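>>> Need a 3D model of the sequence below.
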Amino acid sequence: MSCHCFGSCVVERRKKDNAHTHQDENVSMRGDIKLFSYDELKSATNGFNARSKLGRGGFGIVYKGILEDGTQVAVKALSAESRQGANEFLTEIQTVKNIRHPNLVELLGCCIQGNNRILVYEYVENNSLDCALLGPKSKTIKLDWSRRSVICIGTARGLAFLHEELEPHIVHRDIKASNILLDKDFAPKIGDFGLAKLFPENITHISTRIAGTNGYLAPEYAMRGRLTKKADVYSFGVLMLEIISGRSSTKVTWGGTHKLLLEWTWQLYEEGKLLELVDPELGEYSGEEVLRYIKVALFCTQAAAGRRPTMTQVVDMLSRHIRLNEKELTPPGLFQESGGLSGTLPSSSKASIDSTTQLQSSVFTITEVTPR
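Purely as a prediction, here's the structure:
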């Protein structure tokens, strides 16, 4: 079974409309949102057959479908917990329906019929980065440095678009390898906007329940529910370390000790041995370029959110448009199981850290990157 993770483009609301009606009765057309019938999608997926299943993402199961005109699509049947009233559902997905960017998965339409809430996305040929990098097929998929650098920069550009070019801005909240999809040319597309938050310009942060994945969570978000764009920047930094190392951020056995990937990376940085992080399967690469990417990841994962660059700065840093000022680099924010009482993580269905955690932090000041 291949892995493929698409997200719903549904933004969580507190108020739920429990009136589940047929779309041809009480649902009005909103803009250019295409409404698919349930029978149409059932036929496209062979009755939502298990053999058509691509994977499970946030809020539901994803199936590969083929429409009557031959178009391949990814069909996401949302779980019961995600069901909303028809018009509320349409209002929420209308926010993201017209978003277009080469590094974002495109939403094609939806089905709202009875209790069914189904999203239809473009089909992305090479599944998720998680499968290509860490899955059972990773040995047969050649992710050389050229492809990995394209994935890093493309993902950064997609996030910069969400954070800084869209109005209102969008914070993803769950950037990870399984939410980065690869097209036929292995170009990245960010998926899973089911956890997204729309940010008005005058709001600096949102206090919210934790919704993310252990190993990628920013310290201020995991411990205090403080969500800003900088939480995405942190997750992106961790993702880059996975891409470069070919290792999972959720395991704690790297470096021959009980260390998270980020913690091990910082140790290697202090010892001047960063190239030991590089995936042995990477093949030929520029040591100077790889070192730059690792250091950019460390800038992104600094403990104090205010020290992290914006995603537009990250794109420039990766593209060598900004010289890295390592004198401004401070240790990353790390979670370690301990008896300390410096912070207790809120409960969450998505975050699997249940114990008290210790935050290794640094002085809270603004990062200054020195231009050439």
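>>> Just say helix, strand or coil for the closest residue to residue 175 other than its chain neighbours.
Computed as Cβ to Cβ, 6 or more residues apart in numbering, the closest residue to residue 175 that is not its neighbour in sequence is residue 235, at 3.9 Å. No exception for glycine: its C-beta is placed from N, CA and C like everyone else's. Under the three-state scheme (DSSP: H, G, I helix; E, B strand; the rest coil), residue 235 adopts helix.
>>> which ones are touching residue 235?
By Cβ atoms under 8 Å, 6 or more residues apart in numbering, the contact set of residue 235 is 172, 174, 175, 176, 212, 216, 217, 218.
>>> neighbours of residue 148, just the number please.
Neighbourhood size, residue 148 [other Cβ atoms under 10 Å]: 22.
>>> is it true that it touches residue 245?
No - if you go by Cβ atoms under 8 Å, residue 148 and residue 245 don't touch, sitting 10.3 Å apart.
>>> Where does the record place the domain boundaries for this protein?
Here the domain parsing of the chain from automatic domain parsing is 23-122, 129-359.
>>> which residues are contacting stretch 264-273?
241, 245, 254-255, 257, 259, 274, 276-277, 294-295, 297-298, 331-332, 334.
>>> what's the closest non-adjacent residue to residue 305?
Using Cβ to Cβ, 6+ apart, the nearest residue to residue 305 is residue 230, at 4.0 Å.
>>> Check which element follows the helix or strand that contains the one you found along the chain.
Counting by DSSP states H and E, the element that carries residue 230 is helix 229-245. Scanning forward in sequence from helix 229-245 by DSSP H and E, the next helix or strand is helix 261-271.
>>> which is the next helix or strand following that following helix?
Next along the chain after helix 261-271, taking DSSP H and E as the criterion, comes helix 287-300.
>>> From the rest of the structure, what touches that following helix?
So helix 287-300 is contacted by 145, 149, 152, 233-234, 236-238, 240-241, 244, 265-266, 269, 274-275, 277-278, 307-309, 314, 317-318, 320, 324, 326, 329, 332, 367, 369 (Cβ under 8 Å, 6+ apart).
>>> May I see the buried residues of that helix?
Neighbour counts over helix 287-300 (16 or more other Cβ atoms under 10 Å) mark 290, 291, 292, 293, 294, 295, 296, 297, 298, 299, 300 as buried.
>>> Can you check the pLDDT for the first one?
Okay, so that is residue 290. Per-residue confidence (pLDDT) for residue 290: 97.
>>> From residue 324, how far off is it?
According to Cβ to Cβ, to the nearest Å, residue 290 stands 13 Å off from residue 324.
>>> Tell me, how many residues neighbour residue 262?
So residue 262, with other Cβ under 10 Å, has 25 neighbours.
>>> before we move on, what about residue 333?
25.
>>> Please verify my assumption that it contacts residue 231.
No - with contact defined as Cβ under 8 Å, residue 333 does not reach residue 231; the gap is 10.7 Å.
>>> Can you work out which residues contact both of these two?
Shared contacts of residue 333 and residue 231, counting by Cβ under 8 Å, 6+ apart, come down to 218, 220.
>>> after the helix or strand hosting residue 117 comes which helix or strand?
In the assignment (DSSP H and E), residue 117 maps to strand 116-122. Counting by DSSP H and E, the next helix or strand C-terminal to strand 116-122 is helix 129-134.
>>> The very next helix or strand once past that next one - contacts with which helices or strands?
Using DSSP H and E, the next helix or strand after helix 129-134 towards the C-terminus is helix 145-160. Packing partners of helix 145-160 (3 or more Cβ pairs under 8 Å, 6 or more residues apart in numbering; DSSP states H and E): strand 180-182, strand 188-190, helix 229-245, helix 287-300, helix 311-318.
>>> so which of these comes closest to residue 165?
Closest to residue 165 of the helices and strands packed on helix 145-160 is helix 311-318 (Cβ to Cβ; 8.9 Å).
>>> what sits up against stretch 307-320?
149, 152-153, 156-157, 159-160, 163-164, 229-230, 232-234, 236-237, 292-293, 296, 299-302, 322, 324, 328, 330, 362, 364-367, 369.
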